[in-house]
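Trainee: The amino acid sequence is not available; the structure is as follows:
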């Protein structure tokens, strides 16, 4: 049986979910970002216990089909931007459609309606947050970061960075308080 979990964006979240499943005696086949597959059919009582345990840890068991689809879109984007070694070289719309087996227009309309922002804006916000992270680590120069995040040029990355943060990448790097946003809060 598959279950979908909101705000599950890291390996630490996976560990929390595994612990909650163990506590209530459920056995998992797969625990992945945003979704889990358990061996048993879950009773209403165990579902309520799981829902409460996850909620206490900052996660949310989801029931609504539209919310589940939006979480899947967010999970694919987060995985693509923050966890993949390289960004896909195809259009993001094609990538999402292929990954989720839905027409991009359908995904885009539901996402915009529910989240109040476009999928493209959500992707940009995540790419800029990833750029901040890479700038702070100081492992890559701006040219390498723009290539890694699949920007057409350093100028394109710099323009988007300034539009989102109000700072140029070099100004951001010089700041003492280089605040970053946790992944699960970007676009929420």
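Mentor: The structure has been received and is ready for your questions. None of these values were measured; they are calculated from a predicted model. Numbering: from 1, shown residues only.
Trainee: list the contacts for the residue nearest to residue 41 when sequence neighbours are not counted?
Mentor: Closest residue to residue 41 apart from its sequence neighbours, by CB to CB, 6 or more residues apart in numbering: residue 1 at 5.6 Å. Heads up, the C-betas are built off the backbone N, CA and C, glycines and all. Shown in contact with residue 1 (CB atoms under 8 Å, 6 or more residues apart in numbering): 37-42.
Trainee: again, 10 Å this time
Mentor: When contacts are counted by CB atoms under 10 Å, 6 or more residues apart in numbering, residue 1 touches 26, 29, 36-42.
Trainee: would residue 170 count as being in a strand?
Mentor: No - assignment of residue 170 by DSSP: H, G, I helix; E, B strand; the rest coil gives helix, placing it outside any strand.
Trainee: gap between residue 109 and residue 103?
Mentor: 9 Å (CB to CB, to the nearest Å).
Trainee: Which SSE is immediately downstream of the longest helix along the chain?
Mentor: The longest helix of the chain (DSSP state H) is helix 119-137. Downstream of helix 119-137, the first helix or strand assigned by DSSP states H and E is helix 142-148.
Trainee: List the neighbours of that following helix that are in contact with it.
Mentor: Contacts of helix 142-148 (CB under 10 Å, 6+ apart): 84-87, 127, 130-135, 137, 139-140, 151-158, 160-161, 168-170, 173.
Trainee: Okay, buried residues for stretch 81-88 please.
Mentor: Residues 81-82, 87 are the ones in stretch 81-88 that count as buried (16 or more other CB atoms under 10 Å).
Trainee: closest to residue 115 among these?
Mentor: Taking CB to CB as the measure, residue 115 lies nearest residue 81 of the buried residues of stretch 81-88, at 16.2 Å.
Trainee: quick one: the closest one and residue 132 touch, right?
Mentor: No - using CB atoms under 10 Å as the test, residue 81 is too far from residue 132 to be in contact (11.9 Å).
Trainee: ok, and the closest non-adjacent residue to the residue sitting nearest the centre point of the chain?
Mentor: Centroid check for the chain by CA atoms, centre = their mean gives residue 78 as the closest residue, at 2.9 Å. Sequence neighbours aside, residue 9 is the residue nearest to residue 78 in space, at 5.5 Å (criterion: CB to CB, 6+ apart).
Trainee: No more questions from me, cheers.
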